[in-house]
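Asks: Show me how the following folds:
(one chain, ligands or ions: 3)
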Amino acid sequence: MNIKLQSTACGDVETVVIPVFEDRDLSYVCEDISSIIENFKNKGQFKGGFGETFFFTKERGDILKQIVLLGLGKQGELTSDKIRIAYSKALKKVNELKASAVAVKFFKVDSVCTKRTLKGIVEGLTLANYKFDKFKSDRKEATLKDIVIAGIAEEDMKKAEMALEEANVLVDGTLIARDLVNEPANFMYPETLAKEVEKLGKDSGFQVEVFDENKINELGMKAFMEVAKGSENPPRFIVMRYFGDEDNKNNILGLVGKGLTYDSGGYSIKPTDGMVTMKSDMGGAAAVIGAMSAIAKMKIKANVVAVVAACENLISGNAYKPGDIISSMGGKTIEVLNTDAEGRLTLVDAVHYVIEKEKASKVIDVATLTGAVVMALGRTATGVVTNNHEFYGELQKASDISGEKVWELPAFDEYKELIKSDIADLKNIGGRFGGTITAGLFIGEFVQDKPWLHLDIAGTAWEDKDNNYLTKGGTGVGVRTLYYLVKKSVKGCCNK
Ligand code: BES
Ligand code: MG
Ligand code: ZN
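Replies: Ligands and ions are numbered 1, 2, ... in the order given. From the prediction side, this is the model:
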């Protein structure tokens, strides 16, 4: 998609999107069109309510203008996420019209700053335009090729250009994550995932190192290897390094993404229904990879090391079994009571590695970890477990900007009791209740004294059907939030 900014009006582009508020006059649109809109409003055909769209045509000179009115509701109630949602609806309308170019009239409101308004428009339009159709023989190229954002005041142009650059990078990062998740597991397995990351590192400007099974064994990642050993496809441990703040070498954020390129459940096998979407069990890996790409491309002043323990959870004569007692890189022993609680076993070695070997001073792990989080929070919010409330506050701020909702779950000591084993240090499940919390706290046992956030994205990483700017399949959740968390820790960002 080619996006251009201009200070002049929509010009001769045939298809135009005009934002309309319920409670604002139409002085910002040309007179001939504003009177038509006024007329629709008076007749009650179109109110400008949030998310409403309305289509009409108007002859102007030789061209027949196709005009899409986009309701933005009440000015004071608009947020940047509502802008994304509204423009994803506009995109659907524009695609129905099969337009190859669209002019979008820019607007300003008091409740959202200029940069965020522009980013909201760009993200809403482009994230909604994604489709995973590479395997369809009759796939068609997207009709919409050019977007012009028109009517930006000259004095806002510099800001708008900066915002556009950032929005493009963030959308690319998010679509990288969606593509990685949507790629089926017969194509996307640990070795191919590692190759993709090597390519991305070169394109985006971060360093990549990949460990094979020998090196993984040598490092003593015993818990990770127990999960990996049931598959013919060998595991890969992927390390991504970006040092943008050389003066603060001791301040390193460790990102850890769950990288199960497929999760059958192992001997605690899943029913088919639960298994068909399990190519998405590397959604956490996709989030940290997409975020690294955006952080590096924007040359953010921060140090970040991201790691992914990539493997498949399958059944074979060599697979681990319920009842096994295994060890881990950190030295703690674990009683395996369910082989489907595999993610946490791979994550604890990755967390231990990033602290011990990469000297991470703070850690965030991102994982499609539990079905229980979908029961607790639905598909609306990511569940969070933490040992540090200040750090959680930073996440909340980043989430306000990205629109990706997060919700903290309690981490009382009583829950920690549930993962103690009688015959090993820990057990890998904590019983029927509070499953998201016990899973998170299991990982927390390996973070030492580091500030840590655990993001359970099992509910938010996947959509069964298109949902505004989130499209069917992988959502790319986490990319934009992690980016803002890293960016904001460096310099202030406007809070509207
Ligand atoms: N990958 C799954 C979690 C999951 C479920 C992700 C649904 C996306 C959608 C994870 O490995 C798993 O199987 N968790 C088990 C844990 C249980 C055995 C304690 C679960 O949630 O059922
Ligand atoms: Mg599982
Ligand atoms: Zn899993």
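Asks: neighbours around the residue of the stretch 301-450 of the chain found nearest ligand 2, how many?
Replies: Nearest residue of the stretch 301-450 of the chain to ligand 2: Asp340, at 3.8 Å (Cβ to the ion). Where you see a C-beta, it was placed from the backbone N, CA and C, and this is true even at glycine. Counted with other Cβ atoms under 10 Å, the neighbours of Asp340 add up to 19.
Asks: For it, which residues are in contact?
Replies: For Asp340, the contacting residues are 263, 265-266, 268-270, 313, by Cβ atoms under 8 Å, 6 or more residues apart in numbering.
Asks: Surely it is within a strand?
Replies: No - judged by DSSP: H, G, I helix; E, B strand; the rest coil, Asp340 forms no part of a strand; its state is coil.
Asks: Next up, phi/psi of it, please.
Replies: phi -80, psi -10 (degrees, to the nearest 10).
Asks: any idea how far Asn233 is from it?
Replies: 19 Å (Cβ to Cβ, to the nearest Å).
Asks: could you list every residue that touches the residue in the stretch 251-400 of the chain that ligand 3 sits nearest to?
Replies: Ranked by Cβ to the ion, the top residue of the stretch 251-400 of the chain for proximity to ligand 3 is Asp263, at 3.6 Å. For Asp263, the contact set (Cβ under 8 Å, 6+ apart) comprises 270, 275, 278, 281, 312-313, 340, 342-343.
Asks: Identify the residue nearest the residue in the stretch 1-150 of the chain that ligand 3 sits nearest to in space, chain neighbours excluded?
Replies: The stretch 1-150 of the chain approaches ligand 3 most closely through Phe132 (20.8 Å), counting by Cβ to the ion. The shortest distance from Phe132 to any non-neighbouring residue, by Cβ to Cβ, 6 or more residues apart in numbering, is to Asn182 (4.1 Å).
Asks: Go ahead and confirm that neighbour touches Tyr130.
Replies: No - using Cβ atoms under 8 Å, Asn182 is not in contact with Tyr130; the gap is 9.5 Å.
Asks: so after the worst-scoring helix or strand of the chain on mean pLDDT, what's the next helix or strand?
Replies: Within the chain, no helix or strand scores below helix 31-42, which has a mean of 92 by mean pLDDT, DSSP states H and E. Next helix or strand after helix 31-42 toward the C-terminus (DSSP states H and E): strand 53-60.
Asks: contact partners of that following strand?
Replies: With contacts defined as Cβ under 8 Å, 6+ apart, strand 53-60 is touched by 32-33, 36, 40, 45-46, 64-71, 89-90, 93, 97.
Asks: Give me the angle between that strand and helix 31-42.
Replies: Per axes from the mean of the first three to the mean of the last three Cα atoms, to 10 degrees, the angle that strand 53-60 makes with helix 31-42 is 150 degrees.
Asks: could you dump the helix or strand just after strand 53-60 to CSV, C-alpha only?
Replies: The helix or strand immediately downstream of strand 53-60 is strand 63-71, counting by DSSP H and E. Only the C-alpha atoms of strand 63-71 are listed here, as CSV (Å, rounded to 0.1, in the frame of the first residue of the first chain):
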residue,chain,number,x,y,z
ILE,A,63,-15.9,12.7,-12.7
LEU,A,64,-18.5,10.9,-10.6
LYS,A,65,-17.2,11.1,-7.0
GLN,A,66,-17.9,8.1,-4.8
ILE,A,67,-18.3,9.5,-1.3
VAL,A,68,-18.1,7.4,1.9
LEU,A,69,-19.2,9.2,5.0
LEU,A,70,-17.7,7.8,8.1
GLY,A,71,-19.4,8.4,11.5
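Asks: Excluding its own residues, what touches strand 63-71? List them.
Replies: For strand 63-71, the surrounding residues in contact (Cβ under 8 Å, 6+ apart) are 12, 14-22, 33, 37, 40, 46-59, 86-87, 89-90, 93-94, 97, 99.
Asks: Specify the angle between it and strand 53-60 in degrees.
Replies: Counting by the same axes, to 10 degrees, strand 63-71 lies at 150 degrees to strand 53-60.
Asks: just checking, what packs against the next helix or strand after strand 63-71?
Replies: For strand 63-71, the following helix or strand on the C-terminal side (DSSP H and E) is helix 80-96. Counting by 3 or more Cβ pairs under 8 Å, 6 or more residues apart in numbering; DSSP states H and E, the packing neighbours recorded for helix 80-96 are strand 15-20, strand 53-60, strand 63-71, strand 101-105, helix 114-128.
Asks: so how far is Leu345 from the residue of the stretch 101-250 of the chain found nearest ligand 3?
Replies: Across the stretch 101-250 of the chain, the shortest distance to ligand 3 (Cβ to the ion) belongs to Val227, at 9.3 Å. Val227 sits 5 Å away from Leu345, going by Cβ to Cβ.
Asks: Buried residues, stretch 209-217. List them.
Replies: Neighbour counts over stretch 209-217 (16 or more other Cβ atoms under 10 Å) mark 210-211, 213, 216 as buried.
Asks: what's the span of it, first residue to last?
Replies: From its first residue to its last, stretch 209-217 covers 16 Å (Cα to Cα, to the nearest Å).
Asks: quick check, distance from it to the centre of its chain.
Replies: 27 Å (Cα atoms, centre = their mean, to the nearest Å).
Asks: as a whole number, average confidence for it?
Replies: The average pLDDT for stretch 209-217 rounds to 98.
Asks: With stretch 131-145 instead?
Replies: Mean per-residue pLDDT for stretch 131-145: 94.
Asks: And that stretch, end to end?
Replies: Distance across stretch 131-145, first residue to last, is 14 Å (Cα to Cα).
Asks: Buried residues in it, which are they?
Replies: 131-132, 144.
Asks: what comes into contact with it?
Replies: So stretch 131-145 is contacted by 1-2, 91, 94-95, 98-102, 129, 178-179, 182, 471-474 (Cβ under 8 Å, 6+ apart).
Asks: could you redo the last one with a cut-off of 7 Å?
Replies: 1-2, 94-95, 98-102, 129, 182, 471, 473 (Cβ atoms under 7 Å, 6 or more residues apart in numbering).
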